[in-house]
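>>> could you work out the structure for the sequence below:
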Amino acid sequence: MAKPYVIGIDMGGTNTAFGIVDARGNVIASDSIKTAKHSNIDDYIDELYTEINRIIVAADAEDKINGIGIGAPNANYYTGIIEDGVNLPWPTPIPLADLISKKFGIPCIITNDANAAAIGEMTYGAARGMKDFIMITLGTGVGSGIVINGQMVYGHDGFAGELGHVIMKRNNGRMCGCGRTGCLEAYCSATGVARTAREFLEIRSDESKLRELDIDSITSKDVFDAAMAGDKLAKEIFDYTGTILGEALADFTTFSSPEAFIIFGGLAKSGDLIMKPVREAFDKNVLPIFKGKAKILFSEMKEADAAILGASALGWEVKDA
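Next up is the predicted model:
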């Protein structure tokens, strides 16, 4: 008989969240530890093992775990290795799936955080029943997970789906953290919104509540708060951001004809401020043969549990655990 639970682990540079999840997407128990607390990966895994076992015992879930799924930066689904530990405190590569499997005695699958979010959405959220969709995560960066014919697209090396690094502005584009210029991430991430705010404030003379803030410390939340208070310049920043994202989604449609784009992450909280210009730009730029076919939806995963849910969905892929 199939075991009723999986473990989801969301490994970030600052915190690692984890939880026990059932097949309906209910988080039975969860907690977190500080990722950077330990100077080496073995000590980190020891603490993770201790804390996860604690909640397993408390939930009476011993011998009931089907598998462990982990979402982590630059984690390779094929190899189980973190190839380049962006923001992680230990040297890479890290054979994380193997280390966790051996420590827990439970099969483990890893992938990057955006792919984990897509698998979670397909398992528990707005993409249930869909075989073709694209997950777009709008956080500090822009991530993506592409599902075609019910299968996550990993490519030949495990790193497919970096749509945040499709170049939107070939000439005089912004420098991106990847080292190139003009990437979608440089404009449509939370960081990108803050950069747009600074640019607008520097080159324009409009009155704005944002001028009351330290220009170098402005965040995307500041822009959201100002826009919700009726600030015209702040609304234009969201229009600018949404237009670029909508143009990008129109281009993405041409190669996989998704049933839907699922928007997830901090900027999704902006609601119609971001979604209205996204949809308008998408409709204006999408190839006529695709008009009216792709929906643009917000994620349905519970925000507080989304990272754990996304990672946990991998745990159901384990066979005969």
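
>>> now the helices: where do they sit in the protein?
According to DSSP state H, the chain carries its helices in the segments 41-58, 96-104, 113-124, 185-188, 190-203, 220-228, 232-256, 272-285, 306-315.

>>> take those helices and lay them out in a markdown table including mean pLDDT.
Rendered in a markdown table, the data for these read as follows (pLDDT from 0 to 100):
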| stretch | mean pLDDT |
| --- | --- |
| helix 41-58 | 97 |
| helix 96-104 | 97 |
| helix 113-124 | 90 |
| helix 185-188 | 97 |
| helix 190-203 | 96 |
| helix 220-228 | 97 |
| helix 232-256 | 97 |
| helix 272-285 | 97 |
| helix 306-315 | 90 |
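
>>> using a markdown table, please lay out the ones you listed together with mean neighbour count and distance to residue 84.
C-beta: built from backbone N, CA, C; applies to glycine. Output for the helices of the chain, formatted as a markdown table (neighbours: other C-beta atoms under 10 Å; distance: least, C-beta to C-beta, whole Å):
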| stretch | mean neighbour count | distance to residue 84 |
| --- | --- | --- |
| helix 41-58 | 15 | 15 |
| helix 96-104 | 19 | 13 |
| helix 113-124 | 28 | 14 |
| helix 185-188 | 26 | 16 |
| helix 190-203 | 19 | 19 |
| helix 220-228 | 20 | 26 |
| helix 232-256 | 20 | 24 |
| helix 272-285 | 18 | 30 |
| helix 306-315 | 29 | 19 |
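
>>> of those, which is nearest residue 294?
Ranking the helices of the chain by their distance to residue 294 (criterion: C-beta to C-beta) puts helix 232-256 first, at 5.5 Å.

>>> between the closest one and helix 220-228, how big is the angle?
110 degrees (axes from the mean of the first three to the mean of the last three C-alpha atoms, to 10 degrees).

>>> what is helix 232-256 packed up against?
Helix 232-256 sits against strand 133-138, helix 185-188, helix 190-203, helix 220-228, helix 272-285, with contacts defined as 3 or more C-beta pairs under 8 Å, 6 or more residues apart in numbering; DSSP states H and E.

>>> let's have these in JSON lines, adding distance to residue 29.
Converted to JSON lines, these look like this (distance: least, C-beta to C-beta, whole Å):
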{"stretch": "strand 133-138", "distance to residue 29": "25"}
{"stretch": "helix 185-188", "distance to residue 29": "34"}
{"stretch": "helix 190-203", "distance to residue 29": "30"}
{"stretch": "helix 220-228", "distance to residue 29": "30"}
{"stretch": "helix 272-285", "distance to residue 29": "34"}
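
>>> in a markdown table: the helices of the chain, plus distance to residue 167.
Rendered in a markdown table, the data for the helices of the chain read as follows (distance: least, C-beta to C-beta, whole Å):
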| stretch | distance to residue 167 |
| --- | --- |
| helix 41-58 | 35 |
| helix 96-104 | 31 |
| helix 113-124 | 18 |
| helix 185-188 | 9 |
| helix 190-203 | 14 |
| helix 220-228 | 22 |
| helix 232-256 | 10 |
| helix 272-285 | 16 |
| helix 306-315 | 27 |
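
>>> closest to residue 296 out of those helices?
With distances scored as C-beta to C-beta, the stretch of the helices of the chain nearest to residue 296 is helix 272-285 (5.8 Å).

>>> okay, how far is it across stretch 59-71, tip to tip?
According to C-alpha to C-alpha, to the nearest Å, stretch 59-71 extends 23 Å from its N-terminal end residue to its C-terminal end residue.

>>> so which bits of that stretch are buried?
Buried positions in stretch 59-71, judged by neighbour count with 16 or more other C-beta atoms under 10 Å: 61, 65-71.

>>> which one of the residues you listed is nearest residue 313?
residue 69 (6.2 Å).

>>> where's the residue lying closest to the closest one once chain neighbours are set aside relative to residue 108, distance?
Once its chain neighbours are removed from consideration, residue 69 has its nearest residue in residue 314; the separation is 2.8 Å (C-beta to C-beta, 6 or more residues apart in numbering). Here residue 314 is placed at a distance of 8 Å from residue 108 (C-beta to C-beta, to the nearest Å).
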